[in-house]
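J.: sharing a model that was predicted from the sequence below.
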Amino acid sequence: MGRTLDFKHDSIFPLLLKTSIPLLLASTVTMIVQLASIAFMGNISATDIYIRALYTPFAFLTIALTEGFQISNQLLIARLKGSGKQEELKRTIVNMAAFSIGISFIVAVLIYLTAPVIAAYYQVPADISGAFVSFLSAMFFVNILVIVTMVVTSSLRGAGYVNLSVLLNILYAGSNISLVYLFAFHAELGIFSIVYANLISSIVFTAIAIVKLHRYKLIEWKRQYAVFYQPALIFLRNIGLPISLSYIIIFISNFLFNRIVTPFGMEAVSGFGVAYSIQTFVIIPAIAIGSSLGIIMNSNIGAGIAYYSRVLDAYKVAVLFTMAVYAVIGVSLLFSYEAVVGVMLEDTVSIGFASDFIRILAPSYFIMGLVLMALTTLEQINKGVIALVLNAAYFAVIAAVGWYLTQQFNDLTYFYWTFFTVNMFGGLCAIYTWRVVKKEYGDPAILQDDYAEASG
């Protein structure tokens, strides 16, 4: 578990596989935690699955914070390691952990203060509103620890201890699922089983990750590493902020999506919530591949112009790998969605709404996966603003057109077909990203001449 990968010299294809597959596995297991929680709630009571479905957009707000911090952290660590700056690496880990605690605490307080307004916006029935408000508030305070856990494990990943980081993520996920099951079916804590499971798992695995970081001399208990480190803040601004804003756009759009679905009834909200969670599971591999690609790219960018050709080679391999993964996912889901939805829901009307969503969108996942990988790549090579604009346009079109069509025809499937159509047009994004990467990292000789001319 202590062996590191050499991002600057190992062969690109095996290196991308060794990095992508463990991250893909870890991300998949993490998403299984979400789906397992939904499945458990769906088999406890209609109220619990309804509350969990309403929470779905807010899960993206937590993901926004988590991804912004952990990706900025692992990429800066990868770049510092590539340039041999060990002392700065240690300061980065401490700074990122401190930033994540402070910002996520502020968000938790804001959610606590606005939770009753959110319940009113969603028109949550009076007998359920109190439980929803309490669950939403509790989850965001516990998520402070969840985010810290992800930041410290991403430190191991950025330093090259990919397998160890993934193992901790998998064990964390297994612990979470087991505890949710125990609290839900034996302690009968209902929807709050998710809160207690996250709390306990986060405390345990944050402690384990910190011990490992200390063992590999990536952190030390010295005051000099606890002082402000400006490059960490710069990376958060240039990389983390655009990534977080992209997920916040997803959060806002899901907030609007739920409002579009609400007029079709409680069963529609539950069905759409489950179906959209399944789609979230589908997008995770693309983001994982893009994230691992970012580690490889930034390690070689940090090593200098001589290694830039490896940046372009890595992107080429990532495109092919993503296409292969999503060909399998799309076909598999198209033939198994009824069984998957049936495991997570009991109500036949809710199952119908969820099944319609997956049946319509599954054929478009091949393109959607490639687009998400490309957007993740843009975010991690300082093109986050471009990725942000593309994300905003994607969700704005779906929300606006979907709302108009459902209002005009009173048929929720028009909303689903809007998703499908926009996904198909999104393929242009992958082509654009290829042109950007080729222009900036394509020909080392030209880049060296440009650099020499600028220096002279």
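T.: That came through fine. Residues are numbered from 1 along each chain as shown.
J.: so where's this structure uncertain?
T.: By pLDDT under 70, the low-scoring segments of the chain are 1-5, 22-23, 26-31, 442-456.
J.: please report how far residue 411 lies from residue 262.
T.: Distance, residue 411 to residue 262, using CB to CB, to the nearest Å: 15 Å. From N, CA and C alone the C-beta is placed, and that goes for glycine too.
J.: higher neighbour count, the two?
T.: Set residue 411 next to residue 262 and count neighbours by other CB atoms under 10 Å: residue 262 wins out with 16 against 12.
J.: quick check, that one in contact with residue 273.
T.: No - judged on CB atoms under 8 Å, residue 262 makes no contact with residue 273 at a distance of 11.1 Å.
J.: next SSE after the helix or strand where residue 92 lies?
T.: Using DSSP states H and E, residue 92 falls within helix 86-121. Sequence order places helix 126-158 as the next helix or strand after helix 86-121, per DSSP H and E.
J.: nearest residue to residue 48 in space, please, no chain neighbours.
T.: residue 41 (4.1 Å; CB to CB, 6 or more residues apart in numbering).
J.: could I get the CA-only coordinates of stretch 247-254 as CSV?
T.: C-alpha atoms of stretch 247-254 as CSV (Å, rounded to 0.1, in the frame of the first residue of the first chain):
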residue,chain,number,x,y,z
TYR,A,247,-21.8,21.5,-8.7
ILE,A,248,-23.7,24.4,-7.1
ILE,A,249,-25.3,24.9,-10.5
ILE,A,250,-26.3,21.2,-10.4
PHE,A,251,-27.7,21.9,-6.9
ILE,A,252,-29.7,24.9,-8.1
SER,A,253,-30.9,23.0,-11.2
ASN,A,254,-32.0,20.0,-9.1
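J.: how far off centre is it?
T.: 12 Å (CA atoms, centre = their mean, to the nearest Å).
J.: for stretch 396-412, same thing?
T.: Relative to the chain's own centre, stretch 396-412 is displaced by 26 Å; criterion: CA atoms, centre = their mean.
J.: who are the contact partners of the spatially closest residue to residue 381 that is not a sequence neighbour?
T.: Nearest residue to residue 381, sequence neighbours excluded (CB to CB, 6+ apart): residue 297, at 6.1 Å. Contact analysis of residue 297 by CB atoms under 8 Å, 6 or more residues apart in numbering lists 311, 314-315, 377, 380-381.
J.: 7 Å instead, please
T.: 311, 314, 380-381 (CB atoms under 7 Å, 6 or more residues apart in numbering).
J.: would you mind measuring from it to residue 383?
T.: Distance from residue 297 to residue 383, by CB to CB: 12 Å.
J.: for residue 86, same thing?
T.: 29 Å.
J.: more neighbours: which of the two?
T.: Under the criterion of other CB under 10 Å, the comparison of residue 86 against residue 383 puts residue 383 first, with 20 against 12.
J.: correct me, but that one touches residue 435?
T.: No - using CB atoms under 7 Å as the test, residue 383 is too far from residue 435 to be in contact (11.5 Å).
J.: kindly export stretch 83-92 (C-alpha atoms) in PDB.
T.: Extracted C-alpha coordinates of stretch 83-92, given in PDB (Å, rounded to 0.1, in the frame of the first residue of the first chain):
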ATOM      1  CA  SER A  83       8.500  19.800  -8.500                       C
ATOM      2  CA  GLY A  84      10.000  18.300  -5.300                       C
ATOM      3  CA  LYS A  85       8.600  20.800  -2.900                       C
ATOM      4  CA  GLN A  86       8.000  18.600   0.200                       C
ATOM      5  CA  GLU A  87       7.700  21.400   2.800                       C
ATOM      6  CA  GLU A  88       5.100  23.200   0.800                       C
ATOM      7  CA  LEU A  89       3.200  20.000   0.400                       C
ATOM      8  CA  LYS A  90       2.800  19.600   4.100                       C
ATOM      9  CA  ARG A  91       1.500  23.100   4.500                       C
ATOM     10  CA  THR A  92      -1.000  22.500   1.700                       C
END
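J.: what residues does that stretch touch?
T.: Residues outside stretch 83-92 that contact it (CB under 7 Å, 6+ apart) are 73, 76-77, 80-81, 218-220, 225, 229, 232, 302-303.
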